[in-house]
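# Sharing a sequence plus its predicted fold:
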Amino acid sequence: MSSGELRKQGIRVKLQDQPFQALVALIERPGEVLTREELQKRLWPSDTTVDFDRGLNKAIARVRDALGDDADNPRFIETLPSRGYRFLTQVGPSSAVTEIRSSPASAPQVTHRSRLRWIAGGLAAALLLVIGIYRLIPSPRIDSIAVLPMENLSGNPEQEYFSDGMTDELIGEIAKIASLRVISRTSVMRYKRGARKSLQEIARELNVDAILEGTVVQSGQRVRITAQLIRASDDRHLLSDQYERDLVDILALQGEVARAIADSIRIKLTPGEQTSLTRTRRVSPEAYEAYLKGELFLHQGARGTARSIEYFKQAIQLDSLQSEAYVGLAEALCLAGIFGLRPSAETFPEARTAALKALELDPSNAGAHNALAGVKQGYDWDLAAAGAEYQRALQLNPSHLLTRVWYAEHLTRTGHFEEAIAEAGKAVELDPISSVSLNCRAMVFFRSRRYDEAIQSSRKVLDIDPTFVNALWWQGLSYAGKGDFPKAIAALTKAVSMNDGPLFRALLGHVYGRAGDRAKALGILNGLTKELRFVSPMDFAILYAGMGDADRTFQWLEKAYQSRETRIHQLPSTEFDSVRSDPRYADLMRRIGLPPQVPAQK
């Protein structure tokens, strides 16, 4: 009890503090009923605000897992419903060996006691031999980790954004260890609610060697994280500990957890990783919470981008030295330009300023390099410089999903389609059951003109998330590429029902034009000309290209060029096949820095 250790067959199983204290309390009173109220007072200080029932159930479950006990058929801990728990076994010092008295005086001098000592000595020697052999057998390598959603034990559902944010931040912090593959947020968040799967099932689904699970409690200005790292192959606890600091030291707390994980799986950190995981800068609690809310909305895609920009700007106003808030702002502004929410000429210069500020504060920030790559590609049209920034980001953080996705898209712009498909595959490895990574693969297949594979990938996305509208984008255009216009129209009509923004309406009008239904295409065109929201020149160009009107297509493409619209790099896609033979097409490709080659259709 003094060392806080539990050993099973000589191997240490380090329980978190609260489960260990629960075990001690039960052991101290074997055979007696310990009420839930008594355990509550033992485990939590009187001023703690927490969901005690849930926390206590979790603590007892942890003890049972460590002891290999079963709640239905208990050997150690019995549950008395609505009352408490009872420890069924007597535990005491030296209880494993008892003294056996010798036989009558006529017996030989080798007494039972000396025989026991001889046996014990032999067993000890054998045990040392086994331990020596065990240490010579290499443990299975840990090359990949999934961080399950941190459980919110604050007792306040409104704090879910904080526990989710902590999950994101731990993923990002651990992903700085280049030798580890760390599963991205969207895949692990699927395990936040619903039927609980075993850790081994989750590990199989995510194809990882180990699982990190834990809890987070924010109480006033203190944050406490409990973390358990469990090897999937044998359920062995490689790490089980508790970390607590003031909220102003949250960056140091996250680095501490990441370093503990590296130590537990014997990873030797590089000097750069050591520096990156040892951050001492304090944060403004209000600014950090605004940053976490910005991240929450950023993950919602187009529908949350505007709100995320507001929160990131709020975080920067409160703490101008918070590099991650500048990164989030830069990424959100890039997405606003890509989604056509605002003109590219507005969003990308602002994104550049934010990315450069983030790099000034933290040159090793992979997200900042990724955002700067997005600006160089989407606004400067400098594909070589963008490629260098993407590669630098991946050197710093090979598990940075957004970089993998954007870099795959970048490779389609430069005509490296096989490399793009491979990069999209790496994104799926990081995010195996995610609409984001699978949609990236659908986009890459479409750009490569491998339409059947693009349709198949889109279906997988929609199986995971039927509301993921971008999957219908690539599915509809892929059907159109195959000449199956009824299915293309059906897919894009569904997309418009989910998102009636100019982009999807223009795509639907484009397909109507290619299908020969000029009246419906003109109807959509007429609606876009009356639209009060911003409409990208590319939307008009796509619509006219579908109707085969080359002059108006190039008129709008020239406007897109002059305003530096990022989506002008869609020019090599099937949307503009009707004008590909026009000399103006090759001239425009040259001016925007795209290679002239066209992928062969498959």
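That came through fine.
# Give me the distance between the residue lying closest to residue 149 once chain neighbours are set aside and residue 60.
Counting by Cβ to Cβ, 6 or more residues apart in numbering, residue 192 is the residue found nearest to residue 149 once chain neighbours are left out, at 4.1 Å. C-beta here means a position set from N, CA and C on the backbone, and glycine is covered the same way. Relative to residue 60, residue 192 is positioned 22 Å away (Cβ to Cβ, to the nearest Å).
# wait, is residue 234 part of a helix?
No. Counting by DSSP: H, G, I helix; E, B strand; the rest coil, one finds residue 234 to be coil, located in no helix.
# residues near it, how many?
9 (other Cβ atoms under 10 Å).
# thinking again about what came up before, tell me how many other residues surround the residue nearest to residue 149.
15.
# pLDDT score for it?
In this model, residue 192 is scored at 80, pLDDT.
# what's the nearest residue to the spatially most central residue of the chain if we skip its chain neighbours?
The centre of the chain sits closest to residue 185, judged by Cα atoms, centre = their mean, with a distance of 1.8 Å. Closest residue to residue 185 apart from its sequence neighbours, by Cβ to Cβ, 6+ apart: residue 168 at 5.5 Å.
# I'd say residue 71 and residue 64 touch.
Yes. Between residue 71 and residue 64 there is a contact at 6.3 Å, judged by Cβ atoms under 8 Å.
# Quick check: neighbours shared by these two?
Common neighbours of residue 71 and residue 64, using Cβ atoms under 8 Å, 6 or more residues apart in numbering, are residue 77.
# Looking at these two, which one has more neighbours?
residue 64 (19 against 11).
# Any figure for the gap between residue 424 and residue 407?
Using Cβ to Cβ, residue 424 is found at 9 Å from residue 407.
# quick one: secondary structure of residue 541?
helix.
# residue contacts, it?
Residue 541 neighbours (Cβ under 8 Å, 6+ apart): 553, 554, 556, 557, 560, 576.
# mind putting those in a markdown table, distance to residue 468 and neighbour count included?
Compiled in a markdown table, the contacts of residue 541 are given as follows (distance: Cβ to Cβ, whole Å; neighbours: other Cβ atoms under 10 Å):
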| residue | distance to residue 468 | neighbour count |
| --- | --- | --- |
| 553 | 29 | 25 |
| 554 | 33 | 21 |
| 556 | 28 | 21 |
| 557 | 29 | 26 |
| 560 | 26 | 23 |
| 576 | 26 | 23 |
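# Just give me the closest of those residues to residue 462.
Closest approach to residue 462 among the contacts of residue 541 (Cβ to Cβ): residue 576, at 26.4 Å.
# So the spatially closest residue to that closest one that is not a sequence neighbour versus residue 506, what's the distance?
Sequence neighbours aside, residue 545 is the residue nearest to residue 576 in space, at 5.2 Å (criterion: Cβ to Cβ, 6+ apart). Residue 545 is 10 Å from residue 506, where distance means Cβ to Cβ.
# for residue 466, same thing?
Going from residue 466 to residue 506 by Cβ to Cβ gives 23 Å.
# So for the two, which sits in the more crowded spot?
residue 506 (27 against 13).
# and the more buried one, what is it in contact with?
Residue 506 touches 524, 528, 538, 539, 540, 542, 543, counting by Cβ under 8 Å, 6+ apart.
# what about the third one, how many neighbours?
Spelled out, it's residue 538. Count around residue 538 with other Cβ under 10 Å applied: 26.
# 28 is where my numbering starts, stick with that
Sure thing, new numbering starts at 28, so read that last one as residue 565.
# Excluding chain neighbours, what is closest to it?
Per Cβ to Cβ, 6+ apart, closest to residue 565 is residue 594, 4.3 Å.
# Residues in contact with stretch 313-330: which ones?
188-189, 191-192, 195, 212-213, 274, 277, 331-332, 334-339, 341-343, 345-346, 349, 351-352, 355-356, 358-359, 362, 366, 368, 497, 526, 528.
# and if we set it to 7 Å?
Stretch 313-330 has contacts (Cβ atoms under 7 Å, 6 or more residues apart in numbering) with 188-189, 191-192, 195, 212, 277, 331, 334-335, 338-339, 341-342, 345-346, 349, 351-352, 355, 358-359, 366.
# ditto for stretch 404-413
361, 364-365, 371, 375, 400, 403, 437, 440-441, 591, 593, 619-620.
# What are the buried residues along that stretch?
404, 405, 406, 408, 410, 413 (16 or more other Cβ atoms under 10 Å).
# and what of stretch 267-279?
For stretch 267-279, by 16+ other Cβ under 10 Å, it's 267, 268, 270, 272, 274, 276, 277, 278, 279.
# Now do the same for residue 306: helix, strand or coil?
Residue 306 - assigned by three-state DSSP - is coil.
# roughly how far apart are the spatially closest residue to it that is not a sequence neighbour and residue 349?
Closest residue to residue 306 in three dimensions, ignoring its sequence neighbours and counting by Cβ to Cβ, 6+ apart: residue 278, at 4.3 Å. Between residue 278 and residue 349 the distance is 9 Å, computed by Cβ to Cβ.
# May I have stretch 204-223 exported as CSV, CA atoms only?
The C-alpha trace of stretch 204-223 is given here as CSV (Å, rounded to 0.1, in the frame of the first residue of the first chain):
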residue,chain,number,x,y,z
ILE,A,204,6.5,11.4,-32.2
ALA,A,205,7.4,10.6,-35.8
SER,A,206,8.0,6.9,-35.2
LEU,A,207,4.3,6.4,-34.1
ARG,A,208,1.3,6.2,-36.3
VAL,A,209,-1.5,8.0,-34.4
ILE,A,210,-5.1,7.5,-35.5
SER,A,211,-6.9,10.8,-36.3
ARG,A,212,-9.9,12.3,-34.5
THR,A,213,-12.7,11.4,-36.8
SER,A,214,-12.2,7.7,-36.5
VAL,A,215,-11.8,7.6,-32.7
MET,A,216,-14.8,9.8,-32.1
ARG,A,217,-17.0,7.0,-33.4
TYR,A,218,-16.3,5.3,-30.1
LYS,A,219,-17.5,8.2,-27.9
ARG,A,220,-21.1,6.9,-27.6
GLY,A,221,-23.1,3.8,-28.3
ALA,A,222,-22.4,0.2,-27.5
ARG,A,223,-19.1,-0.3,-25.8
